[in-house]
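Undergrad: Generate a structure from the sequence data that follows.
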Amino acid sequence: MSVWAIARRHRRMITISIVLGVLGAAASLGQPMVIGEVIKAAGAHTSLLWPVLGVTALFCADAGLSAAQAFLIGRTGEDIVLDVRRSLTGRLLRADMKAFSRLEHGDVFTRMVTDTSLARIALSQSLAQMAVAGFMVAGGIALMAWIDIWLLLLTLACLGSASAVSLVLARQVRIAAVRNREDTGAFGSGLQRVLGALTTVKASRAEQRETDHIAALAGEARRSGVRVSALGAMLTPAMNVGTQVSLTVVMGWGMARAATGDIPIADLTAFVMYLFYLVSPLVMLFVSIGQFQQGRAAIQRIDELARLEQEEPDGVPGGAAAKTPARTAPAVEFDSITFGYGAAPVLRDVSFSVPSRGLTAIVGPSGSGKTTAFQLIERFYHPDAGTVRLSGTDVREIPLGEIRDIVGYVEQESALLRGTIRENLSYANPTADEAEISHAIDLANLTDVIAELPEGLDTPLGERGAGLSGGQRQRLAIARTLLQRPRLVLLDEATSNLDAEAEAAFRRTIAGVSRQCAVVAIAHRISTVVDADHIIVLEGGAVRATGTHEELAAEDELYRRLAAEQLKGERGPATASEEHPVLVGPGDAR
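TA: As a prediction, the model looks like this:
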């Protein structure tokens with residue numbers, strides 16, 4: 001849903017606040033007329049009581065209505081930005097992964113925080129100010145015309161040129177604001193990139209290089225921000241010059257006419273007061289136009305996120321009925337799957353099946369498409385050709401929620417969140433009881449680790465699980481997945497951060513789990529492969545061979561070489577002249 005569509009939900013409160021502002025402006029417009037009556041009464045030596053009471057009442061009404069309007073429009077603006085942020089958060093979290101991967105995450109953060117605040121100003125404060133200031137200007141001009149049309153024409157001639165300049169400046173403010181939002185987003189992206197890899201930056205002694213790079217991005221944001229400020233700063237002086245010239249000319253000609261009796265002094269006083277009253281609304285009008293133009297730039301960027309492609313929540317094309325996977329069919333089937341992130345395919349006509357029980361290992365050189373296969377099972381991406389089936393049912397015909405209930409996924413880099421260990425454990429199953437949590441902890445060999453922590457399960461973790469070792473974070477991610485009670489477990493190098501003792505315990509855990517459900521592991525260590533009931537060898541995005549460890553070691557040259565190199569790596573470092581193919585490369589994200 002677009003920002004404008006969300007703002008329309010609040011049009012009633014915006015309208016009420018504008019009406020309050022207009023009523024306040026009307027009270028303000030009535031003041032010079034009543035002050036003119038005070039002057040007339042003084043000149044006629046009549047009672048000043050009622051004119052003074054009238055002016056006082058208008059002053060109070062103006063103040064009260066203005067305060068009520070300011071509060072209401074401020075509250076409405078906060079309500080709008082809340083709805084926008086809620087809507088955008090939901091769309092981002094449900095975004096299609098292929099579309100989301102094209103975004104810069106720092107820029108997304110800037111749009112969600114800074115741009116939504118600018119949109120709030122544009123959709124509430126600026127709109128209301130433009131309406132109220134516009135009414136004030138129109139009403140003032142009408143009353144000035146009623147007092148003396150010739151003085152008004154002279155005033156408009158002076159103000160017209162200043163208004164034209166202000167309109168040109170307001171348009172330039174919008175153009176500059178768009179550039180500034182883009183530069184600010186680039187700065188946010190660059191900063192997030194560095195902070196997300198801070199240990200790598202330090203280990204590479206790249207602090208100064210990255211500081212210079214981020215400073216350059218900040219400099220670009222500053223330069224475009226200064227341009228916005230400069231153009232915005234010129235709006236008020238442009239109108240001030242016009243009003244000051246108008247005032248000078250009107251006062252000179254008006255006093256000359258008053259001296260000849262052509263215009264009563266009370267009317268001239270009222271006219272000059274209206275001219276003074278026009279200064280603030282005119283300035284506010286064009287400042288509000290400038291703010292609105294900046295807000296439009298922010299709204300444009302927010303709407304780009306609002307149009308982000310979404311995952312299909314029910315996952316059923318063409319409105320067909322959803323299907324529930326059976327428990328008797330193979331856990332996973334790939335039927336002639338072809339898929340690529342760009343033009344070049346990562347998987348080419350891949351077909352294999354995984355039984356409903358037991359441990360299946362996927363091995364192959366780096367870049368052969370192992371992790372990609374997992375992402376297609378989870379339906380993070382859609383195959384370009386072919387069919388992926390879960391328990392005999394096409395994943396496109398299974399609701400997304402059900403897919404991610406029955407499939408547990410442990411990533412290569414364990415994604416833990418800031419919070420307590422308990423919150424991380426129960427993330428996929430918030431209703432899990434203490435017995436279920438204890439069982440999952442025990443299966444993941446974390447019982448002793450948690451028992452040694454001073455706050456146990458309530459121990460807080462930092463960003464990405466800071467406070468635990470790499471192996472402990474991995475086991476916590478595994479326990480979280482087991483607590484989900486999946487029918488299929490996907491392990492993407494899940495043992496890569498475990499030491500020998502922890503790995504042995506984990507292998508026993510997987511052996512027990514695989515007797516109850518299917519486990520598919522991208523295998524980094526030969527020990528995991530040897531334990532597998534079934535092994536799939538991928539090369540160049542295609543299935544090269546399948547079988548057991550003994551069968552593949554006897555029949556497939558690539559598998560023999562991968563296994564031999566892995567065993568060599570476990571015994572000790574190879575010489576510099578040797579090649580080092582591995583079962584899974586450390587950077588194999590696809």
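Undergrad: a helix runs through residue 382, doesn't it?
TA: No. Going by DSSP: H, G, I helix; E, B strand; the rest coil, the assignment for residue 382 is coil, not a helix.
Undergrad: Do you have the helices of the stretch 451-590 of the chain handy? List them.
TA: 470-483, 500-514, 526-531, 549-555, 557-571 (DSSP state H, counting those that start in this stretch).
Undergrad: That should have said the stretch 51-200 of the chain, apologies.
TA: Using DSSP H, counting those that start in this stretch, helices in the stretch 51-200 of the chain cover 97-100, 105-110, 116-120, 127-147, 149-195, 198-203.
Undergrad: Let me have the helices of the stretch 451-590 of the chain in CSV, extended by mean neighbour count and mean pLDDT.
TA: Quick note: C-beta positions are derived from backbone N, CA and C, even for glycine. As requested, these are exported to CSV (neighbours: other CB atoms under 10 Å; pLDDT from 0 to 100):
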stretch, mean neighbour count, mean pLDDT
helix 470-483, 24, 80
helix 500-514, 16, 74
helix 526-531, 20, 76
helix 549-555, 15, 86
helix 557-571, 16, 69
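Undergrad: Is residue 458 in contact with residue 422, as I believe?
TA: Yes. Using CB atoms under 8 Å, residue 458 is in contact with residue 422, at 6.0 Å.
Undergrad: more crowded one of those two?
TA: residue 422 (17 against 11; other CB atoms under 10 Å).
Undergrad: so who does the more buried one touch?
TA: Neighbouring residues of residue 422 by CB atoms under 8 Å, 6 or more residues apart in numbering: 437, 457, 458.
Undergrad: What spatial separation is found between residue 157 and residue 253?
TA: 12 Å (CB to CB, to the nearest Å).
Undergrad: Just list what the longest helix along the chain packs against, helices and strands only.
TA: Ranked by residue count and defined by DSSP state H, the top helix of the chain is helix 207-259. With contacts taken as 3 or more CB pairs under 8 Å, 6 or more residues apart in numbering; DSSP states H and E, helix 207-259 sits against helix 149-195, helix 265-306.
Undergrad: Helix 207-259 and the first one, what's the angle between them?
TA: Relative orientation of helix 149-195 versus helix 207-259 (axes from the mean of the first three to the mean of the last three CA atoms, to 10 degrees): 170 degrees.
Undergrad: returning to that earlier point: quick check: which of the helices and strands packed on helix 207-259 is buried the most?
TA: Across the helices and strands packed on helix 207-259, averaging neighbours per residue (mean count of other CB atoms under 10 Å) puts helix 265-306 on top, at a mean of 21.
Undergrad: for the helix or strand following that one, packing partners?
TA: Using DSSP states H and E, the helix or strand that follows helix 265-306 in sequence is strand 332-339. Packing contacts for strand 332-339, counted by 3+ CB pairs under 8 Å, 6+ apart, involve strand 347-354, helix 370-377, strand 385-390.
Undergrad: need these in CSV with mean pLDDT, distance to residue 101 and mean neighbour count, can you?
TA: Below are those laid out as CSV (pLDDT from 0 to 100; distance: least, CB to CB, whole Å; neighbours: other CB atoms under 10 Å):
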stretch, mean pLDDT, distance to residue 101, mean neighbour count
strand 347-354, 92, 17, 19
helix 370-377, 90, 11, 24
strand 385-390, 92, 19, 19
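Undergrad: For residue 119, which of those is the nearest?
TA: Closest to residue 119 of the helices and strands packed on strand 332-339 is helix 370-377 (CB to CB; 33.9 Å).
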